[in-house]
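*Asks:* no sequence on this one, just coordinates:
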Ligand SMILES: [Zn+2]
């Protein structure tokens with residue numbers, strides 16, 4: 001059983017590497033630290049509250065920058081280049097400091113990278129995904145474009161060469177969801193760039209029908225739902241979902257092969273781990289558990305039940321239907337689309353999230369799709385939740401046969417929550 005804790009760069013910069021390692025090893029009894037090499041556009045903590053033990057600030061907003069101080073030559077010849085954070089541009093290597101501090105405690109640091117999502121410079125307008133109405137999403141690369149594969153392979157290889165860690169966790173190898181700097185459901189409906197449109201047509205997808213079908217999903221009126229469930233519409237949506245899964249799997253295959261080559265040539269043994277949405281959501285994001293399981297050594301998924309599966313479901317429902325009265329039927333529609341059999345009202349969900357059994361069910365689905373010899377690591381929420389729920393979620397992950405539990409996350413959680421984690425994992429320490 002692997003136990004790991006996620007950290008963000010500002011945790012280390014604000015508290016100091018020694019304090020962070022001390023809290024994670026001595027209080028939480030964890031020796032695997034998953035450290036963010038590229039941030040997201042994100043409020044810390046999300047979606048509310050303050051950082052409970054940060055001595056410098058209550059809230060931090062990150063901007064999807066690269067946190068590794070690579071020189072300009074690393075990405076110079078590519079169509080798109082990552083934007084470095086001011087600290088990384090200044091030469092600061094927080095991952096290196098963290099690794100050095102962790103080594104003294106027998107702990108290790110695993111870089112956590114974002115594949116397609118980030119702040120980019122260069123020809124991003126040409127390489128990014130486009131929504132159904134043709135709007136660019138300039139923080140998200142289109143997985144179909146060859147320029148994207150060049151960038152992701154360079155990023156992964158550069159980080160692997162620099163840190164030579166025992167594993168790399170690759171996140172955001174998927175299409176956009178509805179959240180970002182703000183909640184926008186249209187970000188779910190990508191990619192309609194010229195390359196993807198041509199490729200979809202070659203695959204026999206009728207773009208006019210597809211667009212009509214996707215837009216009808218947003219309707220909550222009985223007529224709209226009927227339209228959405230029309231057989232031709234559903235078939236076109238299924239083909240579009242399969243198209244997107246194939247694009248993500250193809251890219252994962254290139255990364256997996258490149259990592260294996262590197263391992264073979266250098267004798268370094270870096271495992272390829274993916275960060276995936278829980279199985280009920282994954283196919284809507286372009287992630288095919290079965291196909292991806294063949295390409296990696298393990299995956300973390302994040303059924304943060306209080307939030308609604310790692311997904312901000314309430315944020316989605318509120319953005320889809322501004323009228324309060326229409327939110328209950330929309331919530332039930334979304335639960336139905338996700339195949340979630342929970343009998344709870346929107347108000348109950350907003351107060352308590354999904355039941356903790358969600359953690360076991362999603363873990364079990366992930367295990368059976370991935371195959372017995374590949375690891376499934378379950379993300380357990382330790383912020384914005386009563387401390388008693390942490391053990392319940394942990395036990396649910398075990399019930400689902402998780403091979404590891406990744407606690408999320410150090411900086412958002414109270415010190416009491418870290419102590420609770422320490423109590424739970426102590427027998428394994
Ligand atoms: Zn595209």
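*Replies:* Everything's here; your move. Remember, predicted model here, so these are calculated numbers, not experimental data.

*Asks:* For stretch 206-213, which residues meet the burial criterion?
*Replies:* 210-211, 213 (16 or more other CB atoms under 10 Å). Heads up, the C-betas are built off the backbone N, CA and C, glycines and all.

*Asks:* From the chain's centroid, how far away is it?
*Replies:* Centroid separation between stretch 206-213 and its chain, computed with CA atoms, centre = their mean, to the nearest Å, is 28 Å.

*Asks:* Is there proximity between that stretch and the ion?
*Replies:* No: using CB under 5 Å from the ion, stretch 206-213 stays clear of the ion, coming no nearer than 12.8 Å.

*Asks:* How are the strands of the chain distributed by residue range?
*Replies:* 2-7, 32-36, 41-44, 60-63, 80-82, 108-114, 120-122, 128-130, 136-141, 167-171, 271-276, 298-301, 375-381, 404-408 (DSSP state E).

*Asks:* elements contacting the fifth one?
*Replies:* Going back to what we said before, that points to strand 80-82. Applying 3 or more CB pairs under 8 Å, 6 or more residues apart in numbering; DSSP states H and E, we find strand 80-82 packed against strand 120-122, helix 146-163.

*Asks:* Pull the residues that contact the longest one.
*Replies:* If I follow you right, that is helix 146-163. Outside helix 146-163, the residues within contact range by CB atoms under 8 Å, 6 or more residues apart in numbering are 37-38, 68, 70, 74-75, 78-82, 95-96, 99, 109, 111, 113, 115-116, 123, 126-127, 141-142, 168, 170, 173, 251, 254-255, 258-259, 262, 268, 270.

*Asks:* one step back: the ion: which of the buried residues of stretch 206-213 is nearest?
*Replies:* Of all those, the ion sits closest to residue 210, with 13.9 Å by CB to the ion.

*Asks:* show me what contacts the closest one?
*Replies:* Contacts of residue 210 (CB under 8 Å, 6+ apart): 200, 236-237, 239-240.

*Asks:* Tell me the predicted confidence for it.
*Replies:* The per-residue pLDDT reported for residue 210 equals 92.

*Asks:* try residue 373
*Replies:* On the pLDDT scale, residue 373 gets 90.

*Asks:* what separates it from the ion, distance-wise?
*Replies:* Per CB to the ion, to the nearest Å, residue 373 is found 34 Å from the ion.

*Asks:* Output the set of residues of the stretch 151-300 of the chain in proximity to the ion.
*Replies:* Within reach of the ion by CB under 5 Å from the ion, the stretch 151-300 of the chain has these residues: 191, 193, 196.

*Asks:* ok so, going back, go through the strands of the chain and find the least confident stretch.
*Replies:* Across the strands of the chain, the lowest-scoring stretch is strand 41-44, with a mean of 92.

*Asks:* Give the other helices and strands that it contacts.
*Replies:* Secondary elements touching strand 41-44 (3+ CB pairs under 8 Å, 6+ apart): strand 60-63.

*Asks:* Quick one: residues in contact with the strand it packs on.
*Replies:* 8-10, 39-44, 51, 54, 85, 119.

*Asks:* Only the buried subset of those residues, as a PyMOL command please.
*Replies:* Buried members of the contacts of strand 60-63, defined by 16+ other CB under 10 Å, are picked up in PyMOL with:
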select buried, resi 8+9+10+39+40+41+42+44+51+54+85+119
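
*Asks:* Got the confidence number for residue 217?
*Replies:* 68.

*Asks:* Dump the helices and strands packed on strand 80-82 into a markdown table; add mean neighbour count as well.
*Replies:* Below are the helices and strands packed on strand 80-82 laid out as a markdown table (neighbours: other CB atoms under 10 Å):
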| stretch | mean neighbour count |
| --- | --- |
| strand 120-122 | 17 |
| helix 146-163 | 19 |
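
*Asks:* Before I go, just wanted to say thanks for your time.
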